[in-house]
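Colleague: Next input, structure requested:
(chains A and B)
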Amino acid sequence: MSTSTLSRPKPENLRKSLSRTNNNLSGWAFATPFLVFFLIFLVWPILHGFYMSLTGQSLTGANDGLIGFANYAEALADADMWHSLGNTLYFTVISTVPLVLVALVMAALLNVGLPAQWLWRLSYFAPYLLASTVVSLFFTWMYNPQLGLINEFLTGIGLPRVAWLNDPNVAMWAIVIATLWWTVGFNFLLYLAAMQNIPAQHYEAASLDGAGAWRQFFSITLPQLTPTTVMIVLLQILASLKIFDQVYQMTAGGPAGSTRPVVQYIFETGFTGYRLGYSAAISYIFFGLIVVVSVMQFVITRRRSA
Amino acid sequence: MATATITRPAPQTTPAKKPRIRQPRKKMTVGRIAAIVVAGFLAVLWLIPFAWATATAFKTETDAAAPDVTWLPPSGFTPDAFVKVFQDGNIPLWTWNSLYTSAAITAITLVISALVAYALSRIDFKGKKVLMTVIIASIIIPPPVLIIPLFYQMLALNLIDTSWAIILPQVIHPAMVFVLKKFFDQIPRELEEAAVMDGASRLRIFTQIILPLSRPILAAVAIFVFIGAWNNFLWPFIATNDGGLLTLPVGLQTIKSAYGIQYAQNMASALLAALPLILVFLFFQRQIIKGVATTGLAGT
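Modeller: Numbers count the residues shown, from 1 in each chain, chains lettered A, B, ... in the order given. Model prediction:
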């Protein structure tokens, strides 16, 4: 091996010999398969979707042609649109706090060094692997007003029955509980991975200084986790804004539209209302919201790393 | 044998990680016992839905619908619900549909993402910066925004009610491209230079040097993409009406109306649907956890 490398030209000359045109060709050749899919199934739909939002396109094929921003004007005056957007924001606000806090608690508990780590990880994370439909079947059954396990427990400790999915004041919380059970394991894993990356010396130094477990958690673990926490919170907000599956399957947006999120409203105006153009306009209003949150995230994370 | 004993001392510098794994083995303090109690309480809470679904699935329909909520039904446990659900054949069909669409999505995603990531990591070509910026920017696009134009596009391409309608739009994962690029960036260039000197082509370098060294990250991306595809509901729900093509999550959605108030059968279906990924998780726990942890933050 060593003799063969000696007899060959030096690497610098070789890199020059790979000419620029050669690089341009191979670079784009490697990028092409991805680019084809990217252009057809992402770039084109996002552009065409915007064009559709400016038309009266119907699912039946009828099209009133370009109507400017009329769909947007109508959407901004549409009480149902605002209601569904409000539901989405409400869900995002009330779900993010427990989804981050419970994940943090779970990871902190395991980080103490409990035996049988796999068992805890399995029980906390396994629900994340389930399809939303499975989760919805489980929880619809547990929320059943008459036969459900949860009401049985409530009456057992002397509390009244709750119409979990049928009471407009409670239904969104029922969705939050199911979502917490389903997805908290993902945040839990991210926290656990981050905690295990904190150097042990920090803790050793702290315990030499006489800091107890609580003190160590609040003075070392939490501050070290701040970047992770920021990321998890922002990721969670973006994920919660996209809520659709479990609501559609558990309450279909009811009762009285109290849980209908904006994605469901997009789906309904497009596929049951046949108004693709109008539906596309609402999609873009929703997209605008996501862009605002993402830009905020970008600014926050940029400032942190700067 | 002799060489083995000589070379052995060298790797001993690497197990520096060991102490951290052992670190948790501390004395049983009050704090640790409290932690176990709280963790145990949470674990029980998190396992109850599984346990309750299992208990229900093994009941007779009469017992499941009885006004008394019991863990131990008067008529005892029976596998009837599972037998009935399995006999009507939908669950195996839907599982198969989910399996091959998710496998196809994962395979295509891996191939096209790894290729473009290699170009972004290693080749200096004109327009690279623009390409990179466009792909980064596209991470922001939420899939629900695309459902209307994508559906229209699938209609135009005549792909509605084919598996391609489910598969094709799900193969673009810009965030995963960057996970792969980041990993490729860390592979020492010297490894490639030797191959270039031997006259190897880019494609050969990619397949013979880069890919074999990237197995852990390829596995992580594959796991992340597969789980996402397996559980995706909204797009497959829109893309197919053909009962023969339904994926597991979409098929299950039809069950509630089909079985009405057949609680035991509902729970048996849900459990059968949950089984494949749970089994996979039990076997590949370490890889899945690592995969999710390494790729999980990439969506940002």
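Colleague: B:Ala55 is in contact with B:Trp71, isn't it?
Modeller: Yes: counting by Cβ atoms under 8 Å, B:Ala55 touches B:Trp71, with 5.4 Å between them. Every residue, glycine included, has its C-beta placed from N, CA and C.
Colleague: Compare the two (neighbour count), which wins?
Modeller: More crowded of B:Ala55 and B:Trp71, by other Cβ atoms under 10 Å in any protein chain shown: B:Ala55, with 18 against 10.
Colleague: How about the helix or strand hosting the more buried one and chain A, any contact?
Modeller: Using DSSP states H and E, B:Ala55 maps to helix B:30-57. Yes: applying Cβ under 8 Å from any Cβ of the partner chain, one finds helix B:30-57 touching chain A at B:31-32, B:35-36, B:38-39, B:42-43, B:46-50, B:52-53, B:56.
Colleague: where does residue 136 land on pLDDT?
Modeller: I went with chain A, as the question did not name one. According to the prediction, A:Ser136 has pLDDT 94.
Colleague: sorry, should have said chain B
Modeller: Here the pLDDT value assigned to B:Ile136 is 91.
Colleague: Find the nearest non-adjacent residue to the spatially most central residue of chain B, please.
Modeller: Residue closest to the mean C-alpha point of chain B, counted by Cα atoms, centre = their mean, is B:Ile227 at 2.0 Å. Excluding the flanking residues, the one nearest B:Ile227 by Cβ to Cβ, 6 or more residues apart in numbering or on different chains is A:Leu129, at 6.4 Å.
Colleague: Around residue 125, count how many other residues there are.
Modeller: In the absence of a named chain, chain A is used. Number of residues near A:Phe125 (other Cβ under 10 Å) recorded here: 22.
Colleague: my bad, the chain I had in mind was chain B
Modeller: Other residues within reach of B:Phe125 by the criterion other Cβ under 10 Å amount to 20.
Colleague: Correct me if wrong, but it is in a helix.
Modeller: No: under DSSP: H, G, I helix; E, B strand; the rest coil, B:Phe125 sits outside any helix and is assigned coil.
Colleague: what residue ranges in the chain are flagged as low confidence?
Modeller: The chain I'm using is chain A. In the predicted model of chain A, residues A:1-21, A:304-306 satisfy pLDDT under 70.
Colleague: wait, I meant chain B there
Modeller: B:1-28, B:257-260, B:297-300.
Colleague: what's near enough to touch whichever residue of the stretch 101-250 of chain B sits closest to chain A?
Modeller: Closest contact between the stretch 101-250 of chain B and chain A, by Cβ to the nearest Cβ, is at B:Phe125 (2.6 Å). Contacts of B:Phe125 were listed using Cβ atoms under 8 Å, 6 or more residues apart in numbering or on different chains, and they are A:23-28, B:119.
Colleague: Please look at the residue nearest to the centre of chain B and B:Pro276 and confirm they touch.
Modeller: No: using Cβ under 8 Å, B:Ile227 is not in contact with B:Pro276, being 11.3 Å away.
Colleague: Doesn't A:Gly273 lie inside a helix?
Modeller: No: applying three-state DSSP, one finds A:Gly273 to be coil, outside a helix.
Colleague: A:Trp173: which element?
Modeller: Counting by DSSP H and E, the element that carries A:Trp173 is helix A:171-196.
Colleague: Neighbours of B:Leu159, how many?
Modeller: When neighbours are defined as other Cβ under 10 Å, B:Leu159 has 17 of them.
Colleague: If we ignore the residues flanking it in sequence, what's nearest it?
Modeller: Nearest residue to B:Leu159, sequence neighbours excluded (Cβ to Cβ, 6+ apart): B:Ala165, at 4.3 Å.
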